[in-house]
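Engineer: predicted coordinates and the sequence they were generated for:
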Amino acid sequence: TQLLEQSPQFLSIQEGENLTVYCNSSSVFSSLQWYRQEPGEGPVLLVTVVTGGEVKKLKRLTFQFGDARKDSSLHITAAQPGDTGLYLCAPHSSNTGKLIFGQGTTLQVKP
Amino acid sequence: DAGVIQSPRHEVTEMGQEVTLRCKPISGHDYLFWYRQTMMRGLELLIYFNNNVPIDDSGMPEDRFSAKMPNASFSTLKIQPSEPRDSAVYFCASSPPDRGRGELFFGEGSRLTVL
């Protein structure tokens, strides 16, 4: 059984603050994706990381894939109310062809 | 381009009734996935298809659940008979042929409430 944990589960911060969300697994994955889901909508892909140690930036969001490809982090700089949503990490197993979704981190950014 | 289209967006039904959820994937995508999302269990993969063929249905909870993909542009998820514990948001997602990265494109979901 592949275990996947995201932390924190909930995060409520003020506009302008920085935050980091973590995603840890017990297995090595070929790639990992981060999705954001807003209420009433489906998850939307933010980024895919493939190489151990890889860092990708998407405006104020910085994504990192761990060297061992078992963990990942998402750092948001100067959070905005528009960043509010559920952030889901989803490692991909090339063996099973499946994406495994974490429980997600619910982020609320207050103006 | 149109994204993944799901219907209905909302369904309220009584226990024991049959429920059919529908999905139209993005044209050209040859993978289709059905997920269920609840507060308690998060997003769970129910079944996925490749080129209209079911590949893995190990996530389908019980025999009451069935899914079909008669052609590349249409899939259904059926629950018969429905039970209150089936209440959830059901998502359909599709993925393009290059699945090396497994990137999914989700529909807006069908919120099912079974009374």
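Structural biologist: Good, I have the coordinates. Residues are numbered from 1 along each chain as shown, chains lettered A, B, ... in the order given.

Engineer: so after the host helix or strand of A:V21, what's the next helix or strand?
Structural biologist: Here A:V21 sits within strand A:19-25, counting by DSSP states H and E. Once the chain leaves strand A:19-25, the next helix or strand it forms, by DSSP H and E, is strand A:31-37.

Engineer: paired strands for that next one, with orientation please.
Structural biologist: Using DSSP bridges, strand A:31-37 pairs in its sheet with strand A:44-49 (antiparallel), strand A:85-93 (antiparallel).

Engineer: hmm, who's touching the strand holding A:V21?
Structural biologist: Contacting residues not belonging to strand A:19-25 are listed as A:2-8, A:11, A:13, A:32, A:34, A:70-76, A:79, A:87, A:89, A:91, A:100, A:102, A:105, A:107 [CB atoms under 8 Å, 6 or more residues apart in numbering or on different chains]. Where you see a C-beta, it was placed from the backbone N, CA and C, and this is true even at glycine.

Engineer: can you rerun that using 6 Å?
Structural biologist: Residues from elsewhere that reach strand A:19-25 (CB atoms under 6 Å, 6 or more residues apart in numbering or on different chains): A:4-7, A:13, A:70-76, A:87, A:89, A:91, A:102, A:105.

Engineer: phi first, then psi, for B:P84.
Structural biologist: phi -50, psi -30 (degrees, to the nearest 10).

Engineer: list the contacts for it?
Structural biologist: B:15, B:114.

Engineer: A:P43 too?
Structural biologist: Here A:P43 is in contact with A:35, A:37, A:88, B:106 (criterion: CB under 6 Å, 6+ apart).

Engineer: switch those residues over to TSV; also include distance to B:M60 and neighbour count.
Structural biologist: Shown next, in TSV, are the contacts of A:P43 (distance: CB to CB, whole Å; neighbours: other CB atoms under 10 Å in any protein chain shown):
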residue	distance to B:M60	neighbour count
A:Y35	23	24
A:Q37	23	20
A:L88	22	26
B:F106	19	22
